[in-house]
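# no sequence for this one, just the structure:
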Ligand SMILES: Nc1ncnc2c1ncn2[C@@H]1O[C@H](COP(=O)(O)OP(=O)(O)OP(=O)(O)O)[C@@H](O)[C@H]1O
Ligand SMILES: Nc1ncnc2c1ncn2[C@@H]1O[C@H](COP(=O)(O)OP(=O)(O)OP(=O)(O)O)[C@@H](O)[C@H]1O
Ligand SMILES: [Mg+2]
Ligand SMILES: [Mg+2]
């Protein structure tokens, strides 16, 4: 490749799966795009399609080309390969998102990592759902205390959401029952819809969809069954509103928003301004606004102020550090099972 | 050879002079047809073939001479690489069978062209289905079938499924099928290969009626007496070339066969009186039921001794195939016993049976006898490839196999460029020679030969029949199943007749049997007593 | 546990089965027609994906449902015709071509969506149209029956109608007879002037059309949007249903519904605390068990076994 | 003479097929790219631009050698068995299990892992064959269903038995160092699996084309009735070759894990089994040609990756280009008319010279 002295900065983003999920991957890309527009640098996305064989060659090639001022790569799936590359190419700068690196041993001076604590956002969602299902005024809500959760494939990130969700629900009412099922992949939106419908059928009023593009099936199920769904990663209600699907938006009282785009945007702006704190990790949860529960017009429409206040109070405790939400990251299957058993079936 | 073709050209010349032919008199004329298959094989070389309106014209020649190919060209199934076809005086371009059918040319193929799971009526009307608005009226089809079968006096059960019909009836469906389409020219490619004498006679009667009604018939057969009986003129093909055209009445059978093969052929087999020894195969109270619950083999008992040829005569479809398949273990679940050297085969695998030097020529060459896509070599070694002598250090010994196969190709006179060509490139007769080479070269002690010469030219048939006798003389027991009565009588030492799954006659001395006599038993008109039948078991 | 029983023995559950089985019925009917034509085609997944996308794009761009259906059909049938061209005309290997077209379906749809609309992966931001649901007059008021069979998407009714139409087509029309003959003995068909390749192409065309409806149901009925790889193996399961049904339209439909039921049961069983992997396996295990039991029955006909017994008894006497 | 034309034709046909496919690819690319020539350059020349990319081709090729040979053996018996996919996946899982849980010395550890992979792969390959021989269940259907079952079974093992909670995603523990297959060359990731794969190719070739077992299998594939008639135990050989084919695919899965990965991290079926079907068909079920076909597929993939990385062409276009190239290359009768004319001419010339 030709080596012209770059006028502008060049940033490449490695996406472990594919763009276009309208959820996690697009979120990351959105943050990068925003920064690029503002600070005027060149960007490019490389998608791996979930194929682990491509991780190493892609990163090596990107490093080797010396073309990119910064490589943005993320998720735990890509972490090992990224660490390897960062070690091998100490002059190449990396921004790692949604994964944690331990810098204690003084390595990785060329890397910065950020993570948003999905479990904390999910905790609030669980709480909100558990409160909402007890509502006596909402006509869409039955009198059983049951809420639902549909995950894509079963993995640590999904279970991280699940545990937070269960804990949150139990925190406001230990009698709440949480139904949860997994699609088995992140593409079968029809199956996701069926699973959500089955949960509604079993008495749930509100189902949390954590299944990337398959999650759209869950939202549709809520619309079909005239129940509620909670969105993930981005503010789904506003997303639907933006394309004019108001009916759908009205079935999504809230979303667990990962403000990863904001975090990435901030890091990129630091990078441009050369204030990047190399060799540090930042895990941002509710405190610092790394995670948030969407509170939009539909939230206000559906969720009573009382419930919102209670959720807000829970949030304050987490921000203050008095409540610590457990995470699935680092837990064994048996340990996770303990939390799952709490869901109560 | 030169003298023969000279003779024929002379003959044509004489006829042309005497009859002062006008071109229009030929309903059909194929000129300078050359057909080259995509593997480069030249099946027809500048063939000129002319047929007059209202005649029965025989097309004869050895296996692989190019008869079927020429007819397929005429029927639009193959496209010639050069040459022209004139039909009713007009030059035509027959691009596919539909064109041929529209013009009035119909063909009954050498191999049945029927859809087994459909009924007779459905097969009859295929391509010209009755019914309105795209719908298919089955009732109408049945009616059409019944009408046409009445009109030509060829009775058939319109609602039977083809797969349940005996071959004779399938043949009938084929003929009715083209009659239904209202053609003027009928091409019959070896229609009698699978018929009994009685059925053949019946067919000939019908064909003659058709001829009288003005139909033109092209008739392909290897059976010369049939040609003599039925046809007006003949054209001989050899090696893709026309070697002559003649009036049938001008020639004797001997002359015709010499024309085809290029040398004298012996139509009778010379052999000594049999010297039967110990029993090799004995069958006791054997019965078998097909998947519809029909009892196809019915309480058979007989035995075959070393050094004799036992012929089984019978109309095809009377249990012969099932019988031979049971002996060769291709069918299972028999009732009763089959003993080889006194030991039951019920628990033995096909390989175990073959290792006791049992050979089997199946009547169904395409299904059992050969692998179409495999090479000649691969087809020959299928019963011996695993043996020590052909293997070395876990691999097959290519050199030894090559020599072995080349020897057999030479010995059995298989006409081919190389042992490594797929067997599908051979003509029917040569394919059968490959089968025979395999089955006869394993030093067999029992040969089960089911229709070994069906559809095979006189030369090759003679070769195979002689071989059977040689094997007998070397001490093999031979069970010969054939629908060709001439063959049964010529080759066998004694004859058993099967009808409807049972043995109805045992004729100890084949020499003293006539075709008519056999025919009566075969059709179930006569039956021997139980005492007489018991003699077929030699214990 | 009783929640599960309650779920399974409810009218909603049976309603669910019809909904889940709809795409499978379409594909299995498509597979049936194609199989009758003697073609072994595994490209339905690709056809359905393209049809699903075509329907969404067509209806979103024009806001006209029929244009959407038309475009979807064109997309799906195009894939069928590509299959036909390569397999029947150029004689490419059918399994290979099928696999290649499925790969094409997976990536090609995303690419096309991107090229035409700038969206990638899902079409949820397109305002595509949905085929309506239908409450059947009178029937909808019959207690249990109404709850099960009324109120479905029109595609669901079309699926069942397709079964009847396929039956008529195969057994009662000229074309059907020709398709069967071409599938069973092409030489025979050719010898009576039937154009073999053309007939096979027609059977693929019809198969492609029916499969397209299966695909469009997914993105315009079942769900109101297209997502990447949304068929998730339904094309293959349709072939399995066809195989289970032994080429008979009614049995094939029942097989598709059996599979739909297994899927629905598995969805409900997710609330049992079994490892999710095992619950997700269930539908596939059911299919295999189905194949085994059909095969077991096929082995020997009853009349034959009975007859053998009779003969054995009579010879013993 | 005719053979010469046939071979010549095959070569020309493939060359033209590839050209057409590339032309089509170019058209599609020009549709979306600002600089289609640059994209095409990356697609075609890109894979050879540096050693590492050539290495990538070979790395991609290695698993396809196994599945390609495995499928060639399976399909030679006329069984359309897609279980190579499940066999490859579970072979990898079994190897992961052995690599994670067993304590074995260098040299022996990978061998045991590969044996484990081979055993489970063989079993997976065998099941559709048993269902076919015993119950007449169509292998193409049962094997597709079995692939899903294999996937979920494998994920269960990863999730419940050798799950490493530290990584933050669903993956196994690190493989023990003793189990890893060493690299062959330092710059690339090409590992000893290449050698094993080539050995499998040679053995597969000898087995299928030169041994009595291979002969029996091929005869069954072409005409099972004939095989039975000749005394070949059809059921046994069908089971045998599906077992062997599945085992080879399973070993491939093990080799891929031990050579390319340090822990099991597939989240879905890897597709190597289906690719093996493509490779086997392109190689005409002859192991001799498997390396060539595998190279071809790997080359196209790497080219597409390079293109997607370096140009503005989206990665999904790969699937289109792949599909187009594969079906064109496999089309038997493409240009058949031309070939026929050529053969006819040659035959006519021969005919004429014979006449003379
Ligand atoms: N499709 C084909 N491709 C290549 N060669 C063929 C093909 N069909 C026939 N042949 C060859 O053409 C020659 C003529 O075959 P054809 O079937 O016309 O012979 P025939 O005279 O009908 O013989 P038979 O009496 O055995 O039926 C044979 O040598 C045969 O091997
Ligand atoms: N095009 C195809 N697509 C999928 N499966 C096919 C196809 N063609 C055939 N099959 C499957 O192969 C099996 C056997 O096919 P075949 O045509 O031999 O059936 P058959 O022997 O007539 O059996 P049946 O008793 O079911 O009619 C069928 O059960 C069918 O499911
Ligand atoms: Mg409630
Ligand atoms: Mg012939």
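Looks like it arrived, so ask away. Bear in mind the structure is a predicted one, so any value in this text is a computation, not a measurement. Residues are numbered from 1 along each chain as shown, chains lettered A, B, ... in the order given. Ligands and ions are numbered 1, 2, ... in the order given.
# neighbours of residue C:91, how many?
15 (other CB atoms under 10 Å in any protein chain shown). All C-beta spots, glycine's among them, are computed from the backbone N, C-alpha and C.
# likewise residue D:334?
Residue D:334 - counted by other CB under 10 Å - has 22 other residues nearby.
# just to be sure, it is in a helix?
No. Counting by DSSP: H, G, I helix; E, B strand; the rest coil, residue D:334 falls outside a helix, being coil.
# low-confidence stretches in the stretch 1-150 of chain C?
C:1-3 (pLDDT under 70).
# any stretches of the chain with poor pLDDT?
Answering for chain A, as no chain was given. Ranges of chain A meeting pLDDT under 70: A:1-7, A:345.
# sorry, I should have been clearer: chain D.
In chain D, residues with pLDDT under 70: D:1-3, D:354-356.
# where does the most centrally placed residue in it sit: helix, strand or coil?
Central residue of chain D (CA atoms, centre = their mean): residue D:276, 2.2 Å from the mean position. With three-state DSSP as the basis, residue D:276 sits in helix.
# just give me the neighbour total for the residue lying closest to residue D:214 once chain neighbours are set aside.
Distances taken as CB to CB, 6 or more residues apart in numbering or on different chains put residue D:208 closest to residue D:214, at 4.0 Å, once the chain neighbours are dropped. Neighbour count for residue D:208, taken as other CB under 10 Å: 24.
# kindly report the same for residue B:405.
Residue B:405, neighbours per other CB under 10 Å, totals 23.
# now the host helix or strand of it: buried residues?
If you go by DSSP states H and E, residue B:405 is part of helix B:398-411. Residues of helix B:398-411 classed as buried: B:401, B:404, B:405, B:408, B:409 (neighbour count, 16 or more other CB atoms under 10 Å in any protein chain shown).
# quick check, residue A:103 in a helix?
No. Read with three-state DSSP, residue A:103 is coil and lies in no helix.
# ok, now how distant is the residue lying closest to it once chain neighbours are set aside from residue A:84?
The spatial neighbour of residue A:103 that comes closest, neighbours along the chain excluded (CB to CB, 6+ apart), is residue A:279 at 5.0 Å. Here the distance between residue A:279 and residue A:84 works out to 17 Å (CB to CB, to the nearest Å).
# try residue A:343
38 Å.
# one more: residue D:255?
From residue D:255 to residue A:84 the distance is 21 Å (CB to CB).
# between these two, who's got more neighbours?
residue D:255 (29 against 15).
# now the more buried one: closest residue in space, sequence neighbours ignored.
In space, residue D:255 is closest to residue D:193, 4.0 Å off (CB to CB, 6+ apart).
# would you confirm that the one you found contacts residue D:62?
Yes. Look at residue D:193 against residue D:62 with CB atoms under 8 Å: they come within range, at 4.6 Å.
# residue 76 - how many residues pack around it?
No chain specified, so I'll use chain A. Neighbours around residue A:76, by other CB under 10 Å: 22.
# wrong chain, I was asking about chain D
By other CB under 10 Å, neighbour count at residue D:76 equals 23.
# doesn't residue D:216 make contact with it?
No. With contact defined as CB under 8 Å, residue D:76 and residue D:216 do not form a contacting pair (10.2 Å).
# and the residue in the stretch 301-450 of chain B positioned nearest to ligand 1, how far from residue B:438?
Residue of the stretch 301-450 of chain B nearest ligand 1, by CB to the nearest ligand atom: residue B:428 (3.3 Å). Here residue B:428 is placed at a distance of 16 Å from residue B:438 (CB to CB).
# residue B:450 now?
Taken as CB to CB, the span from residue B:450 to residue B:438 is 15 Å.
# let me see the contact set for the closest residue to residue C:114 other than its chain neighbours.
Computed as CB to CB, 6+ apart, the closest residue to residue C:114 that is not its neighbour in sequence is residue C:120, at 4.7 Å. Going by CB atoms under 8 Å, 6 or more residues apart in numbering or on different chains, residue C:120 touches A:18, A:19, A:20, C:110, C:113, C:114, D:314.
# list the buried residues for the strand or helix carrying the fourth one?
So that's residue C:110. Element membership for residue C:110 (DSSP H and E) is helix C:94-117. Neighbour-count burial for helix C:94-117, with 16+ other CB under 10 Å as criterion, is recorded at C:94-114.
# for residue 302, grab the count of nearby residues.
No chain in the question, so chain A it is. Neighbour tally, residue A:302, other CB under 10 Å: 21.
# meant chain D, my bad for not saying
25.
# by contact count, what packs against the strand or helix carrying residue D:258?
Residue D:258 belongs to helix D:234-260 when assigned by DSSP H and E. Under the contact criterion of 3 or more CB pairs under 8 Å, 6 or more residues apart in numbering or on different chains; DSSP states H and E, helix D:234-260 touches helix D:51-76, helix D:84-101, helix D:108-135, helix D:193-205, helix D:212-222, helix D:224-229, helix D:272-282.
# alongside ligand 3, which residues does chain A contribute?
Within chain A, the positions lying close to ligand 3 (CB under 5 Å from the ion) are A:133, A:142, A:144, A:205.
# filter those residues to the buried ones?
A:133, A:205.
# any idea of the mean pLDDT in the host helix or strand of residue C:215?
Element membership for residue C:215, per DSSP H and E: helix C:196-217. Across helix C:196-217, the average pLDDT comes to 97.
# okay, buried residues for it please.
In helix C:196-217, counting by 16+ other CB under 10 Å, buried: C:196, C:199-217.
# chain B next: which of those residues are close?
Among the buried residues of helix C:196-217, none lies close to chain B by the criterion of CB under 8 Å from any CB of the partner chain.
# gap between the residue nearest to residue A:103 and residue A:112?
7 Å.
# more neighbours, these two?
residue A:112 (23 against 15).
# surely that one is in a strand?
Yes. Under three-state DSSP, residue A:112 falls within a strand.
# centroid-nearest residue for the chain?
No chain in the question, so chain A it is. Central residue of chain A (CA atoms, centre = their mean): residue A:233, at 4.2 Å.
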